[in-house]
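Chemist: With the input below, show me the fold.
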Amino acid sequence: MMIIATILAYFSILLLLSKFASKRSNNEVFFRANRKSPWYLVSFGMIGASISGVTFVSVPGMVINQNMTYAQTCMGFIVGYVIVAFVLLPLCYKMNLITIYSYLKKRMGKRSYKTGASFFLISKMTGAAVRFYVVCMILQRFVFDALHIPFFVTVIVLVISIWLYTRKSGMKTLVFTDTFQTFCMFVALLLIMYKVIDALDMSVSETLKMIMADEYSKIFVFDDWVTRQNFWKQFFSGIFIVIVMTGLDQDMMQKNMTCKNLSEAQKNMCTYGLAFLPANLLFLGLGVLLMHYLVRMGQPIPKNPDELMLIPVAGAMLGKWVVVLFTIGVVAACFSSADSALTALTTSYCVDIKEQAGNETLRKKSHIMIAIIFILFILLFRSINSTSLIDAIYILCSYTYGPLLGLFAYGMLTHENVNDKIVPYIAIASPILCFLLDNLFLRIWDYKFGYELLMLNGLITFIGLWLTKPQKQGAKTILDCSKKRKDTQRNL
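Modeler: Have a look, this model is predicted:
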(Lines give C-alpha, C1' and ligand atoms only; values in the text may rest on other atoms or scores of the structure.)
Protein backbone atom coordinates (compact mmCIF):
# COMPACT_ATOMS: atom_id res chain seq x y z
CA MET A 1 0.00 0.00 0.00
CA MET A 2 2.92 2.33 0.68
CA ILE A 3 4.06 2.02 -2.95
CA ILE A 4 0.55 2.67 -4.31
CA ALA A 5 0.20 5.74 -2.07
CA THR A 6 3.57 7.00 -3.33
CA ILE A 7 2.58 6.55 -6.98
CA LEU A 8 -0.77 8.28 -6.42
CA ALA A 9 0.93 11.22 -4.68
CA TYR A 10 3.46 11.39 -7.51
CA PHE A 11 0.73 11.43 -10.17
CA SER A 12 -1.24 14.07 -8.24
CA ILE A 13 1.76 16.42 -8.43
CA LEU A 14 1.98 15.83 -12.20
CA LEU A 15 -1.70 16.76 -12.58
CA LEU A 16 -1.19 19.93 -10.53
CA LEU A 17 1.75 20.93 -12.70
CA SER A 18 -0.35 20.18 -15.78
CA LYS A 19 -3.17 22.38 -14.51
CA PHE A 20 -0.72 25.20 -13.84
CA ALA A 21 0.65 24.95 -17.38
CA SER A 22 -2.68 24.61 -19.22
CA LYS A 23 -4.32 27.96 -18.49
CA ARG A 24 -4.21 28.89 -22.18
CA SER A 25 -4.27 25.81 -24.35
CA ASN A 26 -3.96 25.83 -28.14
CA ASN A 27 -1.82 24.17 -30.79
CA GLU A 28 1.01 26.69 -30.47
CA VAL A 29 1.15 25.95 -26.73
CA PHE A 30 0.95 22.19 -27.33
CA PHE A 31 3.59 22.11 -30.09
CA ARG A 32 6.06 24.81 -28.98
CA ALA A 33 4.94 26.17 -25.56
CA ASN A 34 4.69 29.63 -27.20
CA ARG A 35 8.51 29.56 -27.33
CA LYS A 36 8.72 30.97 -23.82
CA SER A 37 10.31 28.08 -21.91
CA PRO A 38 13.27 28.89 -19.59
CA TRP A 39 16.28 27.15 -21.12
CA TYR A 40 17.61 25.85 -17.77
CA LEU A 41 14.33 24.04 -17.01
CA VAL A 42 14.28 22.51 -20.48
CA SER A 43 17.92 21.40 -20.11
CA PHE A 44 17.39 19.75 -16.73
CA GLY A 45 14.15 18.08 -17.83
CA MET A 46 15.72 16.69 -21.00
CA ILE A 47 18.16 14.63 -18.92
CA GLY A 48 15.25 12.69 -17.45
CA ALA A 49 13.50 12.45 -20.82
CA SER A 50 16.59 10.86 -22.40
CA ILE A 51 17.02 8.36 -19.56
CA SER A 52 14.16 5.90 -19.97
CA GLY A 53 13.04 3.41 -17.36
CA VAL A 54 14.96 0.74 -19.25
CA THR A 55 18.13 2.85 -18.99
CA PHE A 56 17.55 3.28 -15.26
CA VAL A 57 17.62 -0.50 -14.89
CA SER A 58 20.10 -1.47 -17.63
CA VAL A 59 23.02 0.98 -17.40
CA PRO A 60 24.22 -0.21 -13.94
CA GLY A 61 24.27 -3.78 -15.29
CA MET A 62 26.51 -2.80 -18.22
CA VAL A 63 29.56 -3.04 -15.95
CA ILE A 64 29.22 -6.84 -15.83
CA ASN A 65 30.14 -7.40 -19.49
CA GLN A 66 31.44 -4.01 -20.65
CA ASN A 67 33.00 -2.48 -17.51
CA MET A 68 32.41 1.30 -17.61
CA THR A 69 33.28 1.63 -21.32
CA TYR A 70 29.81 3.08 -22.02
CA ALA A 71 31.32 6.35 -20.73
CA GLN A 72 33.32 6.49 -24.00
CA THR A 73 30.04 6.74 -25.91
CA CYS A 74 28.85 9.45 -23.52
CA MET A 75 32.02 11.44 -24.31
CA GLY A 76 31.03 11.28 -27.97
CA PHE A 77 27.57 12.49 -26.96
CA ILE A 78 29.07 15.80 -25.79
CA VAL A 79 30.55 16.51 -29.24
CA GLY A 80 27.27 15.45 -30.86
CA TYR A 81 25.26 17.88 -28.74
CA VAL A 82 27.60 20.74 -29.72
CA ILE A 83 27.06 19.88 -33.41
CA VAL A 84 23.29 19.79 -32.93
CA ALA A 85 23.39 23.11 -31.06
CA PHE A 86 25.37 24.97 -33.73
CA VAL A 87 24.27 23.23 -36.94
CA LEU A 88 20.71 21.92 -36.60
CA LEU A 89 19.20 24.35 -34.07
CA PRO A 90 20.06 27.44 -36.18
CA LEU A 91 18.31 25.74 -39.09
CA CYS A 92 15.16 25.16 -37.01
CA TYR A 93 14.99 28.73 -35.75
CA LYS A 94 15.90 30.31 -39.10
CA MET A 95 13.15 28.39 -40.92
CA ASN A 96 10.73 28.69 -37.96
CA LEU A 97 10.06 24.94 -38.02
CA ILE A 98 7.51 23.15 -35.86
CA THR A 99 9.00 19.78 -36.75
CA ILE A 100 12.54 19.09 -37.92
CA TYR A 101 11.21 17.08 -40.89
CA SER A 102 9.61 20.19 -42.45
CA TYR A 103 13.12 21.02 -43.63
CA LEU A 104 13.04 18.02 -45.97
CA LYS A 105 9.93 19.35 -47.72
CA LYS A 106 11.55 22.72 -48.42
CA ARG A 107 14.90 21.26 -49.40
CA MET A 108 14.02 18.04 -51.27
CA GLY A 109 10.32 17.58 -51.90
CA LYS A 110 7.12 16.19 -50.49
CA ARG A 111 7.98 12.48 -50.75
CA SER A 112 11.29 13.02 -48.97
CA TYR A 113 9.42 14.95 -46.31
CA LYS A 114 6.81 12.23 -45.83
CA THR A 115 9.50 9.55 -45.81
CA GLY A 116 11.46 11.24 -43.02
CA ALA A 117 8.35 11.81 -40.91
CA SER A 118 7.11 8.24 -41.49
CA PHE A 119 10.43 6.73 -40.44
CA PHE A 120 10.29 8.81 -37.27
CA LEU A 121 6.70 7.75 -36.48
CA ILE A 122 7.49 4.06 -36.96
CA SER A 123 10.75 4.23 -35.00
CA LYS A 124 9.42 6.28 -32.12
CA MET A 125 6.14 4.39 -31.73
CA THR A 126 7.71 0.92 -31.70
CA GLY A 127 10.79 1.96 -29.72
CA ALA A 128 8.86 3.89 -27.08
CA ALA A 129 6.26 1.12 -26.79
CA VAL A 130 8.95 -1.56 -26.30
CA ARG A 131 10.73 0.51 -23.64
CA PHE A 132 7.45 1.21 -21.87
CA TYR A 133 6.52 -2.47 -22.07
CA VAL A 134 9.80 -3.53 -20.45
CA VAL A 135 9.28 -1.05 -17.61
CA CYS A 136 5.67 -2.18 -17.13
CA MET A 137 6.94 -5.77 -16.88
CA ILE A 138 9.46 -4.74 -14.21
CA LEU A 139 6.86 -2.84 -12.19
CA GLN A 140 4.41 -5.72 -12.59
CA ARG A 141 6.96 -8.24 -11.35
CA PHE A 142 8.18 -6.31 -8.33
CA VAL A 143 5.21 -4.13 -7.40
CA PHE A 144 1.80 -4.86 -8.89
CA ASP A 145 1.78 -8.68 -8.88
CA ALA A 146 1.89 -8.59 -5.09
CA LEU A 147 -1.21 -6.37 -5.19
CA HIS A 148 -2.98 -8.74 -7.65
CA ILE A 149 -3.35 -6.04 -10.30
CA PRO A 150 -3.51 -7.52 -13.86
CA PHE A 151 -0.88 -6.45 -16.38
CA PHE A 152 -3.36 -4.94 -18.84
CA VAL A 153 -4.77 -2.73 -16.05
CA THR A 154 -1.24 -1.56 -15.19
CA VAL A 155 -0.57 -0.60 -18.82
CA ILE A 156 -3.91 1.14 -19.39
CA VAL A 157 -3.72 3.14 -16.16
CA LEU A 158 -0.12 4.26 -16.76
CA VAL A 159 -0.75 5.35 -20.38
CA ILE A 160 -4.01 7.12 -19.48
CA SER A 161 -2.12 8.90 -16.69
CA ILE A 162 0.38 10.23 -19.22
CA TRP A 163 -2.40 11.25 -21.61
CA LEU A 164 -4.26 13.11 -18.84
CA TYR A 165 -1.44 15.47 -17.96
CA THR A 166 -0.22 16.05 -21.54
CA ARG A 167 -3.55 16.34 -23.38
CA LYS A 168 -4.09 20.10 -23.04
CA SER A 169 -0.77 21.91 -23.17
CA GLY A 170 1.64 19.26 -24.45
CA MET A 171 5.15 20.73 -24.51
CA LYS A 172 4.39 23.51 -22.03
CA THR A 173 3.32 20.91 -19.50
CA LEU A 174 6.35 18.72 -20.19
CA VAL A 175 8.79 21.53 -19.43
CA PHE A 176 7.53 21.52 -15.83
CA THR A 177 6.69 17.83 -15.37
CA ASP A 178 10.02 16.67 -16.85
CA THR A 179 11.89 18.98 -14.49
CA PHE A 180 10.02 17.48 -11.53
CA GLN A 181 10.49 13.92 -12.79
CA THR A 182 14.22 14.37 -13.45
CA PHE A 183 14.60 15.71 -9.91
CA CYS A 184 12.73 12.69 -8.50
CA MET A 185 14.80 10.28 -10.58
CA PHE A 186 18.15 11.66 -9.38
CA VAL A 187 17.01 11.89 -5.77
CA ALA A 188 15.95 8.23 -5.95
CA LEU A 189 19.25 7.26 -7.61
CA LEU A 190 21.39 9.10 -5.03
CA LEU A 191 19.40 7.68 -2.10
CA ILE A 192 19.76 4.15 -3.49
CA MET A 193 23.51 4.73 -3.82
CA TYR A 194 23.62 6.03 -0.23
CA LYS A 195 21.79 2.93 1.00
CA VAL A 196 24.23 0.62 -0.83
CA ILE A 197 27.24 2.56 0.54
CA ASP A 198 25.75 2.32 4.03
CA ALA A 199 25.22 -1.46 3.60
CA LEU A 200 28.89 -1.77 2.58
CA ASP A 201 29.84 0.21 5.72
CA MET A 202 32.01 2.64 3.77
CA SER A 203 32.43 6.42 3.63
CA VAL A 204 31.90 8.40 0.43
CA SER A 205 35.66 8.92 -0.06
CA GLU A 206 36.32 5.20 0.52
CA THR A 207 33.60 4.36 -1.98
CA LEU A 208 35.12 6.60 -4.66
CA LYS A 209 38.56 5.05 -4.14
CA MET A 210 37.08 1.54 -4.28
CA ILE A 211 35.21 2.25 -7.53
CA MET A 212 38.26 3.79 -9.23
CA ALA A 213 40.47 0.87 -8.17
CA ASP A 214 37.97 -1.81 -9.21
CA GLU A 215 38.72 -3.88 -12.32
CA TYR A 216 35.17 -3.26 -13.58
CA SER A 217 35.70 0.53 -13.57
CA LYS A 218 37.84 0.40 -16.73
CA ILE A 219 36.66 3.07 -19.16
CA PHE A 220 39.10 3.31 -22.07
CA VAL A 221 39.89 0.61 -24.65
CA PHE A 222 42.52 1.61 -27.22
CA ASP A 223 44.37 -1.64 -27.81
CA ASP A 224 41.63 -3.81 -29.37
CA TRP A 225 40.24 -2.66 -32.74
CA VAL A 226 37.87 -5.61 -33.14
CA THR A 227 35.88 -5.22 -29.93
CA ARG A 228 32.75 -3.09 -29.92
CA GLN A 229 34.17 -1.33 -26.82
CA ASN A 230 37.06 0.25 -28.74
CA PHE A 231 37.30 3.95 -27.80
CA TRP A 232 37.16 5.40 -31.31
CA LYS A 233 34.21 3.20 -32.32
CA GLN A 234 32.22 4.21 -29.29
CA PHE A 235 33.29 7.87 -29.36
CA PHE A 236 32.37 8.48 -33.01
CA SER A 237 29.25 6.34 -32.65
CA GLY A 238 28.24 8.54 -29.69
CA ILE A 239 28.56 11.62 -31.89
CA PHE A 240 26.32 10.19 -34.62
CA ILE A 241 23.85 8.68 -32.15
CA VAL A 242 23.21 12.17 -30.77
CA ILE A 243 23.01 13.78 -34.21
CA VAL A 244 20.39 11.24 -35.31
CA MET A 245 18.51 10.34 -32.12
CA THR A 246 18.44 13.90 -30.78
CA GLY A 247 19.09 16.27 -33.67
CA LEU A 248 16.90 14.38 -36.16
CA ASP A 249 14.36 13.17 -33.60
CA GLN A 250 11.25 15.30 -33.18
CA ASP A 251 10.86 14.04 -29.62
CA MET A 252 14.08 15.71 -28.40
CA MET A 253 14.22 18.67 -30.79
CA GLN A 254 10.68 19.77 -29.97
CA LYS A 255 11.76 20.63 -26.43
CA ASN A 256 14.65 22.73 -27.72
CA MET A 257 12.32 24.65 -30.01
CA THR A 258 10.24 25.78 -27.01
CA CYS A 259 13.09 28.05 -25.84
CA LYS A 260 12.72 31.82 -26.29
CA ASN A 261 15.40 32.21 -28.93
CA LEU A 262 18.28 30.41 -30.63
CA SER A 263 20.87 31.54 -28.09
CA GLU A 264 18.90 30.07 -25.18
CA ALA A 265 18.23 26.86 -27.12
CA GLN A 266 21.98 26.48 -27.68
CA LYS A 267 22.70 27.06 -23.99
CA ASN A 268 20.13 24.39 -23.19
CA MET A 269 21.62 21.84 -25.59
CA CYS A 270 25.25 22.35 -24.53
CA THR A 271 24.42 22.26 -20.80
CA TYR A 272 22.33 19.15 -21.24
CA GLY A 273 25.10 17.50 -23.26
CA LEU A 274 27.74 18.19 -20.62
CA ALA A 275 25.48 16.87 -17.84
CA PHE A 276 24.85 13.57 -19.60
CA LEU A 277 28.32 12.15 -18.91
CA PRO A 278 28.31 12.60 -15.09
CA ALA A 279 24.68 11.40 -14.97
CA ASN A 280 25.63 8.10 -16.63
CA LEU A 281 28.79 7.78 -14.53
CA LEU A 282 26.48 7.74 -11.50
CA PHE A 283 24.55 4.80 -12.94
CA LEU A 284 27.75 2.94 -13.86
CA GLY A 285 29.22 3.63 -10.42
CA LEU A 286 26.07 2.21 -8.85
CA GLY A 287 26.62 -0.95 -10.92
CA VAL A 288 30.10 -1.43 -9.42
CA LEU A 289 28.70 -0.86 -5.91
CA LEU A 290 25.92 -3.39 -6.44
CA MET A 291 28.43 -6.03 -7.56
CA HIS A 292 30.45 -5.49 -4.37
CA TYR A 293 27.25 -5.66 -2.32
CA LEU A 294 26.22 -9.00 -3.85
CA VAL A 295 29.71 -10.42 -3.21
CA ARG A 296 29.55 -9.17 0.39
CA MET A 297 26.17 -10.90 0.80
CA GLY A 298 27.48 -14.16 -0.68
CA GLN A 299 25.25 -13.85 -3.77
CA PRO A 300 26.45 -14.76 -7.29
CA ILE A 301 26.80 -12.03 -9.92
CA PRO A 302 23.77 -12.45 -12.23
CA LYS A 303 24.32 -13.54 -15.83
CA ASN A 304 21.59 -11.18 -17.05
CA PRO A 305 23.00 -7.62 -16.63
CA ASP A 306 19.54 -6.15 -15.91
CA GLU A 307 19.21 -8.39 -12.85
CA LEU A 308 22.11 -6.54 -11.18
CA MET A 309 19.75 -3.68 -10.40
CA LEU A 310 16.61 -5.74 -9.97
CA ILE A 311 17.74 -8.46 -7.53
CA PRO A 312 19.19 -6.35 -4.68
CA VAL A 313 17.21 -3.12 -5.21
CA ALA A 314 13.76 -4.10 -6.49
CA GLY A 315 13.99 -7.46 -4.73
CA ALA A 316 13.97 -5.74 -1.30
CA MET A 317 17.40 -7.04 -0.24
CA LEU A 318 18.18 -3.46 0.81
CA GLY A 319 14.83 -2.87 2.50
CA LYS A 320 11.30 -1.83 1.55
CA TRP A 321 12.16 1.87 1.38
CA VAL A 322 14.65 1.12 -1.38
CA VAL A 323 11.85 -0.60 -3.32
CA VAL A 324 9.82 2.61 -2.98
CA LEU A 325 12.79 4.66 -4.20
CA PHE A 326 13.32 2.23 -7.08
CA THR A 327 9.64 2.55 -8.06
CA ILE A 328 9.83 6.35 -8.00
CA GLY A 329 13.02 6.34 -10.07
CA VAL A 330 11.68 3.94 -12.68
CA VAL A 331 8.28 5.67 -12.93
CA ALA A 332 9.96 9.09 -13.22
CA ALA A 333 12.33 7.91 -15.95
CA CYS A 334 9.54 5.99 -17.67
CA PHE A 335 6.99 8.83 -17.62
CA SER A 336 9.45 11.55 -18.67
CA SER A 337 10.44 9.63 -21.80
CA ALA A 338 6.99 8.25 -22.69
CA ASP A 339 5.12 11.55 -22.27
CA SER A 340 7.48 13.39 -24.61
CA ALA A 341 7.24 10.52 -27.12
CA LEU A 342 3.42 10.69 -27.20
CA THR A 343 3.53 14.48 -27.57
CA ALA A 344 6.12 14.33 -30.36
CA LEU A 345 4.19 11.60 -32.20
CA THR A 346 1.02 13.71 -32.03
CA THR A 347 2.90 16.76 -33.30
CA SER A 348 4.54 14.96 -36.22
CA TYR A 349 1.30 13.25 -37.24
CA CYS A 350 -0.65 16.53 -37.29
CA VAL A 351 2.08 18.71 -38.84
CA ASP A 352 3.94 16.30 -41.14
CA ILE A 353 1.46 13.61 -42.16
CA LYS A 354 -1.85 15.52 -42.11
CA GLU A 355 -0.21 18.95 -42.65
CA GLN A 356 -2.79 20.66 -40.42
CA ALA A 357 -0.74 22.43 -37.75
CA GLY A 358 -3.61 24.76 -36.82
CA ASN A 359 -6.37 22.15 -36.44
CA GLU A 360 -6.99 21.77 -32.70
CA THR A 361 -9.72 19.15 -33.14
CA LEU A 362 -7.35 16.96 -35.15
CA ARG A 363 -4.62 17.40 -32.53
CA LYS A 364 -6.91 16.31 -29.69
CA LYS A 365 -8.23 13.29 -31.61
CA SER A 366 -4.73 12.32 -32.74
CA HIS A 367 -3.42 12.44 -29.17
CA ILE A 368 -6.14 10.01 -28.07
CA MET A 369 -5.55 7.77 -31.10
CA ILE A 370 -1.80 7.57 -30.51
CA ALA A 371 -2.31 6.77 -26.82
CA ILE A 372 -4.65 3.91 -27.79
CA ILE A 373 -2.17 2.57 -30.39
CA PHE A 374 0.54 2.81 -27.74
CA ILE A 375 -1.52 0.65 -25.37
CA LEU A 376 -2.28 -1.89 -28.11
CA PHE A 377 1.42 -2.19 -29.03
CA ILE A 378 2.38 -2.86 -25.41
CA LEU A 379 -0.34 -5.49 -24.95
CA LEU A 380 0.72 -7.09 -28.26
CA PHE A 381 4.30 -7.41 -26.98
CA ARG A 382 2.90 -8.99 -23.82
CA SER A 383 0.89 -11.57 -25.79
CA ILE A 384 3.93 -12.50 -27.91
CA ASN A 385 6.13 -12.63 -24.81
CA SER A 386 9.28 -13.38 -26.79
CA THR A 387 12.58 -11.87 -25.67
CA SER A 388 14.15 -12.52 -29.08
CA LEU A 389 11.33 -10.64 -30.82
CA ILE A 390 11.68 -7.67 -28.45
CA ASP A 391 15.41 -7.58 -29.19
CA ALA A 392 14.61 -7.68 -32.91
CA ILE A 393 12.30 -4.67 -32.54
CA TYR A 394 15.05 -2.77 -30.75
CA ILE A 395 17.41 -3.58 -33.63
CA LEU A 396 14.76 -2.55 -36.17
CA CYS A 397 14.42 0.85 -34.48
CA SER A 398 18.17 1.38 -34.61
CA TYR A 399 18.12 0.63 -38.33
CA THR A 400 15.34 3.09 -39.13
CA TYR A 401 17.25 6.13 -37.90
CA GLY A 402 20.02 5.61 -40.50
CA PRO A 403 17.98 6.86 -43.48
CA LEU A 404 17.17 10.06 -41.55
CA LEU A 405 20.90 10.65 -41.11
CA GLY A 406 21.47 10.13 -44.84
CA LEU A 407 18.59 12.40 -45.87
CA PHE A 408 19.65 15.33 -43.69
CA ALA A 409 23.35 14.90 -44.49
CA TYR A 410 22.58 15.03 -48.21
CA GLY A 411 20.35 18.06 -47.81
CA MET A 412 22.79 20.04 -45.67
CA LEU A 413 26.16 19.00 -47.15
CA THR A 414 25.29 19.22 -50.85
CA HIS A 415 23.45 21.61 -53.13
CA GLU A 416 22.20 18.81 -55.35
CA ASN A 417 18.56 17.98 -55.99
CA VAL A 418 17.11 14.53 -55.36
CA ASN A 419 14.88 12.28 -57.40
CA ASP A 420 12.02 12.75 -54.95
CA LYS A 421 9.95 9.87 -56.36
CA ILE A 422 12.46 7.16 -55.45
CA VAL A 423 13.58 8.53 -52.06
CA PRO A 424 11.18 6.21 -50.15
CA TYR A 425 12.65 3.16 -51.92
CA ILE A 426 16.22 4.21 -51.08
CA ALA A 427 15.24 4.77 -47.45
CA ILE A 428 13.75 1.27 -47.24
CA ALA A 429 16.59 -0.43 -49.14
CA SER A 430 19.35 1.08 -46.98
CA PRO A 431 18.46 -0.69 -43.68
CA ILE A 432 17.91 -3.98 -45.56
CA LEU A 433 21.36 -3.70 -47.17
CA CYS A 434 22.89 -2.88 -43.76
CA PHE A 435 21.28 -5.99 -42.28
CA LEU A 436 22.72 -8.15 -45.06
CA LEU A 437 26.19 -6.60 -44.69
CA ASP A 438 26.11 -7.11 -40.94
CA ASN A 439 25.40 -10.82 -41.38
CA LEU A 440 27.97 -11.15 -44.19
CA PHE A 441 30.76 -9.58 -42.12
CA LEU A 442 29.87 -11.82 -39.18
CA ARG A 443 30.09 -14.98 -41.29
CA ILE A 444 33.23 -14.13 -43.27
CA TRP A 445 35.35 -12.10 -40.82
CA ASP A 446 33.56 -12.84 -37.52
CA TYR A 447 33.01 -9.09 -37.14
CA LYS A 448 29.78 -7.83 -35.58
CA PHE A 449 28.81 -4.23 -36.26
CA GLY A 450 28.01 -2.16 -33.19
CA TYR A 451 26.88 1.46 -33.02
CA GLU A 452 28.87 2.17 -36.20
CA LEU A 453 26.05 0.47 -38.15
CA LEU A 454 24.14 3.76 -37.83
CA MET A 455 26.88 5.61 -39.74
CA LEU A 456 27.01 2.90 -42.42
CA ASN A 457 23.23 3.09 -42.81
CA GLY A 458 23.34 6.85 -43.27
CA LEU A 459 26.24 6.57 -45.74
CA ILE A 460 24.37 4.05 -47.91
CA THR A 461 21.32 6.33 -47.99
CA PHE A 462 23.53 9.29 -48.90
CA ILE A 463 25.21 7.36 -51.74
CA GLY A 464 21.83 6.16 -52.99
CA LEU A 465 20.51 9.73 -53.16
CA TRP A 466 23.68 10.87 -54.92
CA LEU A 467 23.64 8.10 -57.53
CA THR A 468 19.98 8.68 -58.39
CA LYS A 469 20.05 12.49 -58.42
CA PRO A 470 18.64 14.23 -61.53
CA GLN A 471 21.37 14.67 -64.14
CA LYS A 472 22.35 18.24 -64.88
CA GLN A 473 21.87 19.70 -68.35
CA GLY A 474 23.83 22.89 -68.52
CA ALA A 475 22.80 25.07 -65.61
CA LYS A 476 19.49 23.29 -65.20
CA THR A 477 18.51 19.71 -64.45
CA ILE A 478 16.83 17.35 -66.88
CA LEU A 479 13.98 17.16 -64.34
CA ASP A 480 13.44 20.93 -64.53
CA CYS A 481 13.50 20.82 -68.35
CA SER A 482 10.95 17.99 -68.51
CA LYS A 483 8.66 19.95 -66.19
CA LYS A 484 8.95 22.99 -68.47
CA ARG A 485 8.12 20.86 -71.53
CA LYS A 486 5.01 19.55 -69.80
CA ASP A 487 3.96 23.08 -68.82
CA THR A 488 4.48 24.27 -72.41
CA GLN A 489 2.42 21.39 -73.83
CA ARG A 490 -0.32 22.11 -71.31
CA ASN A 491 -0.42 25.78 -72.31
CA LEU A 492 -0.60 24.89 -75.99
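Chemist: any low-confidence regions in the stretch 1-150 of the chain?
Modeler: Counting by pLDDT under 70, the stretch 1-150 of the chain has low-confidence residues at 1.
Chemist: now the strands for it?
Modeler: Using DSSP state E, counting those that start in this stretch, the stretch 1-150 of the chain contains no strands.
Chemist: other SSEs contacting the longest helix along the chain?
Modeler: Secondary structure assigned by DSSP state H gives helix 262-296 as the longest helix of the chain. Based on contacts counted as 3 or more C-beta pairs under 8 Å, 6 or more residues apart in numbering; DSSP states H and E, the elements that helix 262-296 packs against are helix 39-50, helix 53-66, helix 70-83, helix 89-94, helix 171-199, helix 204-213, helix 250-256, helix 307-309. No exception for glycine: its C-beta is placed from N, CA and C like everyone else's.
Chemist: just so I know, which of those helices lies nearest Val155?
Modeler: Evaluated over those, closeness to Val155 peaks at helix 53-66, with 13.3 Å, by C-beta to C-beta.
Chemist: where's Arg167 relative to Thr258, distance?
Modeler: Computed as C-beta to C-beta, to the nearest Å, the Arg167 to Thr258 distance reads 17 Å.
Chemist: Give me the more crowded residue out of these two.
Modeler: Comparing Arg167 with Thr258 by other C-beta atoms under 10 Å, the one with more neighbours is Thr258, at 26 against 21.
Chemist: Do I have it right that that one meets Lys172?
Modeler: Yes - counting by C-beta atoms under 8 Å, Lys172 is a contact partner of Thr258 at 7.4 Å.
Chemist: and for those two, which residues touch both?
Modeler: Both Thr258 and Lys172 are contacted by 33-34, 37, under the criterion C-beta atoms under 8 Å, 6 or more residues apart in numbering.
Chemist: circling back: which of the helices and strands packed on helix 262-296 is buried the deepest?
Modeler: Comparing the helices and strands packed on helix 262-296 by mean neighbour count (mean count of other C-beta atoms under 10 Å), helix 250-256 comes out on top with a mean of 25.
Chemist: now for that helix, which elements pack on it?
Modeler: Partner elements for helix 250-256 (3+ C-beta pairs under 8 Å, 6+ apart): helix 39-50, helix 89-94, helix 110-139, helix 171-199, helix 262-296, helix 320-348.
Chemist: could I get these as a markdown table with distance to Tyr10?
Modeler: A markdown table is the format used below for the helices and strands packed on helix 250-256 (distance: least, C-beta to C-beta, whole Å):
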| stretch | distance to Tyr10 |
| --- | --- |
| helix 39-50 | 13 |
| helix 89-94 | 32 |
| helix 110-139 | 13 |
| helix 171-199 | 7 |
| helix 262-296 | 21 |
| helix 320-348 | 7 |
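Chemist: among these, which is nearest Ala429?
Modeler: Across the helices and strands packed on helix 250-256, closest to Ala429 is helix 110-139 (C-beta to C-beta), at 12.0 Å.
Chemist: What's the first helix or strand after that closest one?
Modeler: helix 151-166 (DSSP states H and E).
Chemist: Identify the residues contacting that following helix?
Modeler: Contacts of helix 151-166 (C-beta under 8 Å, 6+ apart): 11, 14-15, 17-18, 132-133, 136-137, 139-140, 144, 173-174, 177, 334-335, 338-339, 342-343, 367-368, 371, 374-375, 378-379, 382.
Chemist: Before I go, just wanted to say thanks for your time.
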